[in-house]
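In: model this:
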Amino acid sequence: MAYTTINKPSDYFNTVTYTGNGTLATPITGVGFQPDLTWIKNRSAGEEQMWYDAVRGASKLLRCNGTDAEATTSTTVYFNSFDIDGFTVGTETALNANGQNIVAWNWKANGAGVSNTDGSITSTVSANTTAGFSIISYTGNGTGGATVGHGLGQKPACIIVKRRSASMNWGVYHQSLASNEILQLDVTNAVYAGSGVFNATQPTASVFYLGSGTAIDNDSGSTYIAYCFAEKKGFSKFGSYAGNNNADGTFVYTGFSPSFVLVKRYGGGTQNWVIYDNKRNTYNLTNSTLRPNLSASEATNNGVDLLSNGFKFRSNDGDSNGYSDGYIYMAFAENPLVGTNNIPACAR
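Out: This is a model prediction of the structure:
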């Protein structure tokens with residue numbers, strides 16, 4: 001049965017891998033669109049996890065494996081530009097080390113953004129309502145219950161926020177958590193309850209809420225960037241599952257063949273965030289892992305199978321399937337299970 005209008009998910013999210021050459025003005029192509037958020041990791045070395053987006057601009061760097069404030073980088077040496085089919089990088093080793101393997105995850109929003117007055121704080125928003133993704137820049141006012149427009153036209157399932165102007169943890173809202181709970185992308189911590197971030201209030205179809213002077217999302221006068229994701233059937237899924245601590249691991253139904261899966265244990269204890277994708281491993285078993293909270297190079301574990309309708313773990317690794325107390329995930333599609341073109345997805 002047809003249920004999605006996104007027959008080609010790679011028009012809105014795509015992973016590319018490349019081998020660095022260590023030279024200036026190196027174009028990275030094959031993304032299939034001009035990205036508005038590009039997240040890059042050198043797989044071969046212990047390098048920082050680099051985030052660039054079109055709202056902040058090509059010279060503005062954030063690193064998700066730490067709390068650092070935004071850095072202004074040389075567009076000759078570091079990230080040069082967002083291009084029609086990808087992006088261009090310089091000689092910085094985290095982005096283009098000679099002979100080393102690098103991965104970039106790319107999302108399409110809507111360019112540099114426009115003013116949005118839906119919330120009590122005016123924001124700059126780059127929104128792609130088809131794919132359910134927006135990038136929001138705003139300045140905090142320290143007032144609990146302040147709101148920021150996100151431009152998606154439906155309630156976000158996940159929000160990732162980072163203070164740009166000073167050091168602070170990355171805050172993550174996820175619809176599978178309670179209203180007063182967040183995770184932090186840069187650390188291994190379990191869910192953080194009672195922080196006041198996002199005002200312990202669910203977002204709406206037009207705005208998300210900010211806490212009272214909470215440094216993660218609303219320090220007065222501080223600048224912030226937020227990435228909002230709404231769930232789109234057949235394209236993206238944001239849910240939770242219980243691990244079973246078994247090599248015949250938990251199966252998670254998404255309704256599509258995943259191209260990207262990010263998971264985090266939230267129920268108790270400390271575990272890394274983990275990313276699997278369909279480009280670093282082009283067939284099952286998908287066992288090349290990167291951890292967003294670390295600068296470490298790529299590791300290999302017993303991994304996950306990316307199937308036509310979801311994903312199934314093949315190990316009892318604690319980061320993804322070792323405990324029954326709960327994991328959250330975000331996943332994006334390679335193919336819908338059945339699109340409006342009536343072409344079914346197949347297992348790899």
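
In: Sort out which residues of stretch 231-241 are buried, please.
Out: Within stretch 231-241, the residues scored as buried using 16 or more other CB atoms under 10 Å are Glu231, Lys232, Lys233, Gly234, Phe235, Ser236, Lys237, Phe238, Gly239, Ser240, Tyr241. Just so you know, the C-beta spots here come from the backbone N, C-alpha and C atoms, and that holds for glycine as well.

In: Tell me which of the residues you listed fall in strands.
Out: Those of the buried residues of stretch 231-241 mapping onto strands are Ser236, Lys237, Phe238, Gly239, Ser240, Tyr241, per DSSP state E.

In: who's in contact with the first one?
Out: Yep, that's Ser236 we're talking about. Phe13, Ala131, Gly132, Ala157, Phe229, Ala230, Met330, Ala331, Phe332, Ala333 (CB atoms under 8 Å, 6 or more residues apart in numbering).

In: separation between it and Leu152?
Out: 12 Å (CB to CB, to the nearest Å).

In: what sits in contact with each of the two?
Out: Common contacts of Ser236 and Leu152 (CB under 8 Å, 6+ apart): Gly132, Ala230.

In: What ranges does the stretch 151-300 of the chain have for its strands?
Out: Under the criterion DSSP state E, counting those that start in this stretch, strands of the stretch 151-300 of the chain are mapped to 158-163, 171-174, 181-184, 192-193, 207-209, 223-229, 236-241, 251-253, 256-265, 274-277, 286-289, 299-306.

In: Quote the end-to-end distance of stretch 240-257.
Out: Using CA to CA, to the nearest Å, the end-to-end distance of stretch 240-257 comes to 17 Å.

In: I meant stretch 72-89, not that one.
Out: 15 Å.

In: now that stretch: how far from the chain's centre is it?
Out: In terms of CA atoms, centre = their mean, to the nearest Å, the centre of stretch 72-89 is found 19 Å from the chain centre.

In: Buried residues in it, which are they?
Out: In terms of neighbour count (16+ other CB under 10 Å), stretch 72-89 has its buried residues at Thr73, Tyr78, Phe79, Asn80, Ser81, Phe82, Gly86, Phe87, Thr88, Val89.

In: And the contacts of that stretch?
Out: Here stretch 72-89 has contacts from 16, 24-36, 38, 40, 50, 52, 54, 58-61, 90-92, 95-96, 104, 106, using CB under 8 Å, 6+ apart.

In: Make a PyMOL selection of the buried ones in those.
Out: Buried members of these, defined by 16+ other CB under 10 Å, are picked up in PyMOL with:
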select buried, resi 16+26+28+31+32+33+34+35+36+38+40+50+52+54+58+59+60+61+90+91+92+95+96+104+106
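
In: Give me the subset of the contacts of stretch 72-89 that lies in strands.
Out: Per DSSP E, the subset of the contacts of stretch 72-89 in strands is 16, 26-29, 38, 40, 50, 52, 60-61, 104, 106.

In: Farthest pair within these?
Out: Across the ones in strands among the contacts of stretch 72-89, the longest distance by CB to CB is 22.7 Å; it joins Thr29 and Lys60.

In: What about the residue nearest to Asp317 when sequence neighbours are not counted, how many residues nearby?
Out: Here the nearest residue to Asp317 in space, its sequence neighbours aside, is Asn301; by CB to CB, 6 or more residues apart in numbering that works out to 5.1 Å. Residues near Asn301, counting by other CB atoms under 10 Å, number 16.
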